[in-house]
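# quick check, what structure comes out for this input:
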Amino acid sequence: MNDLYDRVAIVTGADSGIGKATAVALAEQGFDVGITYHSDRDGAEETARLVREPGQAAAIRQHDLTDPERAAAVVDELAGELGGLGVLVNNAGTGSHEPLLEMGYERWRQILAVDLDGAFLCAQRAARRMVGTGRGGRIVNVTSVHEEYPKMGSGPYCAAKGGLRMLSRVLALELADHGITVNTVAPGEIATPMTGQEDLPPQRGSRPGNPIPRPGDAREVAAVVAFLAGPTASYVTGATVFVDGGMTLMGPQGASALGSGDWREL
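Okay, the predicted model is just below:
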């Protein structure tokens, strides 16, 4: 198993939700963590405080992926400050709720810039560093169940997440010989600010259309990301892990529309 890579991770969009939980989970596994945020500096500072609690180093950078070329530069900045880079978690993202026929091109491009272009450029910079050291590493791209399943009103988001899945698979092929694994984690509905919910333990029974009838908790996603980022996942690459409570077994659009659990009856 390749376990020689730097115990330094960068987690984008780590000021709340899945990114915050992932940064904390990696710190508990002994990683120093670079934290990026878009606008919530206070949230990023709180994540940094939690990373430092178990004795790990933390560094923070503002990161506006609507200008992905400029934003990707923070990968090198954080790696320089923390003294290396072994793990990149591309978590930062945005979404939309607008029919495609009513969407302007500028809005379409903005979402793809954040969700796909930015992830590509950050992964490219991280991989170049990892290849340069010769010690390998891990890239984990947080997508969504919508990397595979469509959702009305989310055209550019679905296109970007589907594109990120295929980008990850190509990177997995190209980087395998360098000891770098590339995987995606595809969450379903997770109780975070991005889904309009509080970052609190979800209430069981509140999503009757899902086999596990509740939203997910950010820490449940973070645990999977942390596994893929760790040394024991050295033979996993080019894979997608769905963390969705079984939502995709039902079809995400249909599961969210079910108002009762009657479908469970044989």
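# all helices for this structure, in order.
All helices of the chain, identified by DSSP state H, fall at 17-28, 41-52, 68-82, 105-112, 118-133, 155-175, 218-229, 247-250, 252-257.
# report the buried residues of the fifth one.
Of the residues in helix 118-133, 118-123, 125-127, 129-131, 133 count as buried by neighbour count, 16 or more other Cβ atoms under 10 Å. Yep, even glycine has a C-beta here, placed from its N, CA and C like the rest.
# just the buried positions in the least confident helix or strand in the chain by mean pLDDT, please.
Sorting the helices and strands of the chain by mean pLDDT, DSSP states H and E puts helix 252-257 at the bottom, at a mean of 72. Buried residues in helix 252-257, defined by neighbour count with 16+ other Cβ under 10 Å: Pro252, Ala255.
# just to revisit the earlier point, can you lay out the buried residues of helix 118-133 as a markdown table showing distance to Ala223 and pLDDT?
Shown next, in a markdown table, are those (distance: Cβ to Cβ, whole Å; pLDDT from 0 to 100):
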| residue | distance to Ala223 | pLDDT |
| --- | --- | --- |
| Gly118 | 25 | 97 |
| Ala119 | 21 | 98 |
| Phe120 | 26 | 98 |
| Leu121 | 27 | 98 |
| Cys122 | 22 | 98 |
| Ala123 | 22 | 98 |
| Arg125 | 26 | 98 |
| Ala126 | 22 | 98 |
| Ala127 | 24 | 98 |
| Arg129 | 26 | 98 |
| Met130 | 23 | 97 |
| Val131 | 28 | 97 |
| Thr133 | 27 | 96 |
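# closest one of those residues to Ile180?
Met130 (5.3 Å; Cβ to Cβ).
# how about that closest one: what's its closest non-neighbour residue?
Distances taken as Cβ to Cβ, 6 or more residues apart in numbering place Gly137 nearest to Met130, at 3.7 Å, with adjacent residues excluded.
# and that neighbour, how many residues sit next to it?
By the criterion of other Cβ atoms under 10 Å, Gly137 has 28 neighbours.
# that one: what's it in contact with?
Tyr5, Asp6, Leu85, Gly86, Val87, Leu88, Ala126, Ala127, Met130, Gly179, Ile180, Thr181 (Cβ atoms under 8 Å, 6 or more residues apart in numbering).
# just among those, which is most surrounded?
Within those, neighbour counts (other Cβ under 10 Å) peak at Leu88, which reaches 31 neighbours.
# contacting residues for that residue?
The neighbourhood of Leu88, defined by Cβ under 8 Å, 6+ apart, consists of Ala9, Ile10, Val75, Cys122, Ala123, Ala126, Gly137, Arg138, Ile139, Val140.
# identify the bridge partners of it.
Here Leu88 shows beta-bridge partners Ile10, Ile139, assigned using DSSP bridges.
# quick check, pLDDT for it.
At Leu88, the pLDDT value in this model is 98.
# please apply the same query to the one 10 residues further on.
At Glu98, the pLDDT value in this model is 94.
# what mean pLDDT does the biggest strand by length in the chain get?
When every strand of the chain is counted residue by residue (DSSP state E), the longest turns out to be strand 180-187. Averaging pLDDT along strand 180-187 yields 98.
# strand partners (parallel or antiparallel) of it?
Pairing partners of strand 180-187, with direction, according to DSSP bridges: strand 137-142 (parallel), strand 240-243 (parallel).
# alpha carbons of that strand, in CSV - could you do that?
Listed next in CSV are the C-alpha coordinates belonging to strand 180-187 (Å, rounded to 0.1, in the frame of the first residue of the first chain):
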residue,chain,number,x,y,z
ILE,A,180,-2.3,8.9,-7.0
THR,A,181,-5.9,7.7,-6.6
VAL,A,182,-8.9,9.7,-7.8
ASN,A,183,-12.5,8.9,-6.7
THR,A,184,-15.8,10.7,-6.4
VAL,A,185,-18.2,10.7,-3.4
ALA,A,186,-21.8,11.3,-4.4
PRO,A,187,-24.0,12.5,-1.6
